[in-house]
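**Q** Got a predicted model here, sequence first, then my questions.
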Amino acid sequence: MVGPFLAAALAMTPPAPRADVPLPPPAPIAPIPTPQQRAWHDLEYTGFIHFCPNTFTDVEWGHGDEPAHVFNPTALDARQWVRVMKDAGMKCVVITAKHHDGFCLWPTAKSEHSVAQSPWKGGKGDVLRELSDACREAGLKFGVYLSPWDRNNPAYGTGEPYNQYFRDQLREVLTSYGPIFEVWFDGACGEGPNGKRQVYDFPSFEKVVRDLQPNAVIFSDVGPDIRWVGNEQGWAGDTNWAMLNVKGHGRGADNPPATRSLNEGDENGEAWIPAECDVSIRPGWFYHAHEDDKVKTPEQLFDLWERSVGHNANFHLNLPVDRRGLVHENDVKSLQGLRRLLDETYGPGTNQALGRTTRVDSARGERARGANDPLPANPFRGAAAVDGDPTTFWATDDGQRAATIEVELDPQKAFDRVVLGEPTWLGQRVRAFRISVPEGQDWRAIGEGTTIGRKRIVRVPPTKASRVRVEILDSRACPAITEIGIHATNAARAAAGSAP
Ligand code: FUL
């Protein structure tokens, strides 16, 4: 017979998991991404194309009264754009189907201000057709920027008639060019040809997108799917939650630039709206010959790539197509340089943690088993964080807020980047972490941070060590880590005289 004390003690001890009963994963903590948002986040690196009469008039914001005949590229080749973007490593592109001047890059039936009125291809050309066809051939995803601000359309500023016009245009674009992965709504709301401003009916615009392209994500300053990052310089905050409290944020001019919560998100935000970091490869969004020598260097782009993709956001890099209708040679060179840096640091075979032995202070289900040495069959053991599979993850028991994992390394090899990731489908969880290496009997911290999210790149001093330790110090729910990557830039390898 079991006495009352022992019975109470037994009741408190969770039953050991049975080998035939799969261990449940941690419960998600709200909010979580939609499948479309997750697919978007996995794209990481997007091309952005600004091209319109501004390219030929040398301005950034057209007035809307530019004659259509100024639009006359001499050698437009959308396949060249796509080749350049694909070689750069981009997975998708968003093009200015219509910028603020109202000129449409497709032969719209709704206005008299488009490629159809231009001399290009005798008025028979369609830039969206050429680009979407080229994307399909090359396996890139295609997206559109349609500016609600329209300085050409006479209905602009009249309320519903213009909103109707805008929805009709959206319908044309969303039904004519195949699957669209992203619809980009700029927040700018200036005056139209009659000096009036328009009150945009965003909910009705969004409904058109949802009805016609349910797999597309919608970008605007405040989502609903993807948010602006609060600057046009291409970087997200060191702290960057994918969550946002939309209340309190306006769009365009109502949205103070560099708003901190757009840059960093809100830990307690009620909606999942990850950030996109848009920036141009040159100072301007549109092509200007006098900026041919102001193209960002591969090193500058690499820095931005790490502070966007590696800060739980996506990198949205603008290429101003030139007057020929081509991506300029100088821009191509920088993109190739960035690709080289990315391949050297993060390309196949560069992850020094891949498949290495791990040691954890806790793994999900092990406390119940009374052991700290996870069974090989435990899907949440430390090894899941170094298996190169972003769908598996190391996780702890519910209720735990901190945990530690160590990864054995080759002490001959230097590294200066630590890459961490969370299974975002369970919600973004980690609030604080620290990275250390052994020193004597102790540990020396080489890096620390706050949020992780889908991908967090931590820059650490060039280091050689037999082990690296990642401590999750605080978390909104039990921590879960998909991958730990240990990488070296070429500079770190050279500085440390490291084996390649
Ligand atoms: C801004 C626009 O006003 C710029 O011209 C550019 O298109 C940029 C990406 O968004 O709001």
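**A** Yep, it's here. All values derive from a computational prediction rather than experimental measurement.

**Q** which residue ranges form the strands in the stretch 401-500 of the chain?
**A** All strands of the stretch 401-500 of the chain, identified by DSSP state E, counting those that start in this stretch, fall at 403-408, 414-421, 430-439, 442-449, 456-464, 467-475, 480-481, 483-487.

**Q** now for those strands, which one comes closest to Ala313?
**A** Among the strands of the stretch 401-500 of the chain, strand 456-464 comes nearest to Ala313, with 10.6 Å by C-beta to C-beta. C-beta: built from backbone N, CA, C; applies to glycine.

**Q** list the contacts for the residue nearest the centre of the chain?
**A** Ranked by distance to the mean C-alpha position of the chain (C-alpha atoms, centre = their mean), the top residue is Asn314 at 1.7 Å. Shown here is Asn314, whose contacts under the criterion C-beta atoms under 8 Å, 6 or more residues apart in numbering are 40-41, 43-46, 226, 274-277, 308.

**Q** May I see these organised as TSV, with neighbour count, secondary structure and pLDDT added?
**A** Compiled in TSV, the contacts of Asn314 are given as follows (neighbours: other C-beta atoms under 10 Å; DSSP: H, G, I helix; E, B strand; the rest coil; pLDDT from 0 to 100):
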residue	neighbour count	secondary structure	pLDDT
Trp40	26	helix	98
His41	22	helix	98
Leu43	20	helix	98
Glu44	19	coil	98
Tyr45	20	strand	98
Thr46	26	strand	98
Ile226	26	strand	98
Pro274	29	coil	98
Ala275	29	strand	98
Glu276	25	strand	98
Cys277	27	strand	98
Ser308	29	helix	98
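
**Q** from the residues you listed, which is closest to the ligand?
**A** Distances from these to the ligand were compared by C-beta to the nearest ligand atom; the smallest belongs to Glu276, at 10.6 Å.

**Q** what are the bridge partners for that closest one, then?
**A** Trp228, Asn314 (DSSP bridges).

**Q** Touching, it and Arg227? I think so.
**A** Yes: when contacts are counted by C-beta atoms under 8 Å, Glu276 is listed as touching Arg227 (7.2 Å).

**Q** and for these two, which residues touch both?
**A** Here Glu276 and Arg227 share the contacting residues Phe219, scored by C-beta under 8 Å, 6+ apart.

**Q** would JSON lines of the contacts of Asn314 with distance to Val295 be doable?
**A** Formatted as JSON lines, the entries for the contacts of Asn314 read as follows, by distance: C-beta to C-beta, whole Å:
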{"residue": "Trp40", "distance to Val295": "27"}
{"residue": "His41", "distance to Val295": "28"}
{"residue": "Leu43", "distance to Val295": "23"}
{"residue": "Glu44", "distance to Val295": "22"}
{"residue": "Tyr45", "distance to Val295": "17"}
{"residue": "Thr46", "distance to Val295": "18"}
{"residue": "Ile226", "distance to Val295": "26"}
{"residue": "Pro274", "distance to Val295": "28"}
{"residue": "Ala275", "distance to Val295": "25"}
{"residue": "Glu276", "distance to Val295": "22"}
{"residue": "Cys277", "distance to Val295": "18"}
{"residue": "Ser308", "distance to Val295": "18"}
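
**Q** Can you convert those into TSV and add a column each for distance to the ligand?
**A** Rendered in TSV, the data for those read as follows (distance: C-beta to the nearest ligand atom, whole Å):
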residue	distance to the ligand
Trp40	17
His41	20
Leu43	18
Glu44	19
Tyr45	17
Thr46	12
Ile226	13
Pro274	18
Ala275	14
Glu276	11
Cys277	11
Ser308	15
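
**Q** rewinding a little: per-residue pLDDT of the residue nearest to the centre of the chain, please?
**A** Here, the pLDDT recorded for Asn314 equals 98.

**Q** Cys189 too?
**A** Cys189 carries a pLDDT value of 87.

**Q** shouldn't it be in contact with Gln198?
**A** Yes: checked against C-beta under 8 Å, the pair Cys189 and Gln198 is within contact range at 6.6 Å.

**Q** who has more neighbours, the two?
**A** The residue with more neighbours, out of Cys189 and Gln198, is Gln198; 22 against 19, by other C-beta atoms under 10 Å.

**Q** and the more buried one, how far is that from Phe205?
**A** According to C-beta to C-beta, to the nearest Å, Gln198 stands 12 Å off from Phe205.

**Q** Can you work out which residues contact both of those two?
**A** 148, 163.

**Q** my read: Ser466 touches Pro411, true?
**A** Yes: counting by C-beta under 8 Å, Ser466 does reach Pro411; the two are 4.5 Å apart.

**Q** Could you pull up the contacting residues of the nearest residue in space to Thr158 that is not next to it in sequence?
**A** In this structure, Thr158 finds its nearest non-sequential neighbour in Lys196, 7.2 Å apart by C-beta to C-beta, 6 or more residues apart in numbering. Counting by C-beta under 8 Å, 6+ apart, Lys196 touches 156-158.

**Q** a markdown table please, covering these and showing pLDDT, neighbour count and distance to the ligand.
**A** Converted to a markdown table, those look like this (pLDDT from 0 to 100; neighbours: other C-beta atoms under 10 Å; distance: C-beta to the nearest ligand atom, whole Å):
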| residue | pLDDT | neighbour count | distance to the ligand |
| --- | --- | --- | --- |
| Tyr156 | 96 | 24 | 15 |
| Gly157 | 95 | 18 | 18 |
| Thr158 | 95 | 17 | 22 |
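
**Q** Any idea how many residues pack against Gly178?
**A** Other residues near Gly178 number 12, with proximity taken as other C-beta under 10 Å.

**Q** I meant Gly388, not that one.
**A** A total of 12 residues lie near Gly388 under the criterion other C-beta under 10 Å.

**Q** Can you pull the phi and psi angles for the residue nearest to it when sequence neighbours are not counted?
**A** The spatial neighbour of Gly388 that comes closest, neighbours along the chain excluded (C-beta to C-beta, 6+ apart), is Leu354 at 5.3 Å. For Leu354, the backbone dihedrals (degrees, to the nearest 10) come out as phi -60, psi 120.

**Q** Kindly provide the distance from Glu329 to the ligand.
**A** Using C-beta to the nearest ligand atom, to the nearest Å, we find Glu329 at a distance of 23 Å from the ligand.

**Q** Okay, buried residues for stretch 434-449 please.
**A** In terms of neighbour count (16 or more other C-beta atoms under 10 Å), stretch 434-449 has its buried residues at 434-437, 443, 446-447, 449.

**Q** Closest to the ligand out of these?
**A** Taking C-beta to the nearest ligand atom as the measure, the ligand sits nearest to Gly449 out of those, at 28.7 Å.

**Q** I figured the closest one was touching Phe433, is that so?
**A** Yes: using C-beta under 8 Å, Gly449 makes contact with Phe433 at a distance of 5.7 Å.

**Q** can you pull the contacts of the single nearest residue of the stretch 301-450 of the chain relative to the ligand?
**A** When C-beta to the nearest ligand atom is the measure, the stretch 301-450 of the chain has its nearest residue to the ligand at Asn318, with 6.9 Å between them. Contacts for Asn318 were tallied using C-beta under 8 Å, 6+ apart; they are 47-50, 278-281, 285.

**Q** all strands of the stretch 251-400 of the chain, in order?
**A** When assigned using DSSP E, counting those that start in this stretch, the strands of the stretch 251-400 of the chain occupy the ranges 271-272, 275-280, 314-320, 358-360, 394-395.

**Q** got those strands as TSV, with distance to Gln233 columns?
**A** As requested, the strands of the stretch 251-400 of the chain are arranged in TSV below (distance: least, C-beta to C-beta, whole Å):
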stretch	distance to Gln233
strand 271-272	24
strand 275-280	6
strand 314-320	12
strand 358-360	37
strand 394-395	34
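
**Q** ok, of those strands, where does mean pLDDT dip lowest?
**A** For the strands of the stretch 251-400 of the chain, mean pLDDT drops lowest on strand 358-360, to a mean of 94.
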